[in-house]
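Chemist: only geometry, no sequence info:
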């Protein structure tokens, strides 16, 4: 990353800003198993219709999710192939860090 231009680093920062919202992460997790419509995403996440629609719009504009019209329904699916592996990597790293921190606070016999 040291050799990336400021403009490229700005784009990277914008990408991560999209992922910095819990509700958007919930929507992405909902889409992990395949395409869903807004109603299905609402049922899985517990988010309201307006909230889901807002976050889907942001994820779509960022290129992370794509819309797939099917008749009168619109289905959404993950379009960025690196999004789930990247999220898994971050989650695993956080889990490892938490385990180390817990071990540090364990009393020694």
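Modeler: Done, it's in. All values derive from a computational prediction rather than experimental measurement. Residues are numbered from 1 along each chain as shown.
Chemist: Quick check: residue 65 touching residue 53?
Modeler: No - shown here, residue 65 and residue 53 do not form a contact pair, counting by CB atoms under 8 Å, at 12.0 Å. Every residue, glycine included, has its C-beta placed from N, CA and C.
Chemist: These two: who's more crowded?
Modeler: When neighbours are counted by other CB atoms under 10 Å, residue 65 and residue 53 differ, and residue 65 comes out ahead with 24 against 14.
Chemist: With adjacent residues omitted, what lies nearest to that one?
Modeler: Nearest-residue entry for residue 65: residue 59, 4.0 Å, with adjacent residues in sequence omitted and distances by CB to CB, 6 or more residues apart in numbering.
Chemist: Run through the neighbouring helices and strands of the one helix or strand residue 60 maps to.
Modeler: Using DSSP states H and E, the element containing residue 60 is helix 49-61. Applying 3 or more CB pairs under 8 Å, 6 or more residues apart in numbering; DSSP states H and E, we find helix 49-61 packed against helix 22-30, helix 38-45, strand 65-70, strand 73-78.
Chemist: now with 10 Å?
Modeler: The criterion is 3 or more CB pairs under 10 Å, 6 or more residues apart in numbering; DSSP states H and E, and the helices and strands that helix 49-61 contacts are helix 6-18, helix 22-30, helix 38-45, strand 65-70, strand 73-78.
Chemist: quick one: which of those is nearest residue 84?
Modeler: strand 73-78 (6.6 Å; CB to CB).
Chemist: now the helix or strand just after that closest one: how far from the chain's centre is it?
Modeler: Remark: after strand 73-78, the chain's next helix or strand is helix 83-104, criterion DSSP H and E. Computed by CA atoms, centre = their mean, to the nearest Å, the chain-centroid distance of helix 83-104 equals 16 Å.
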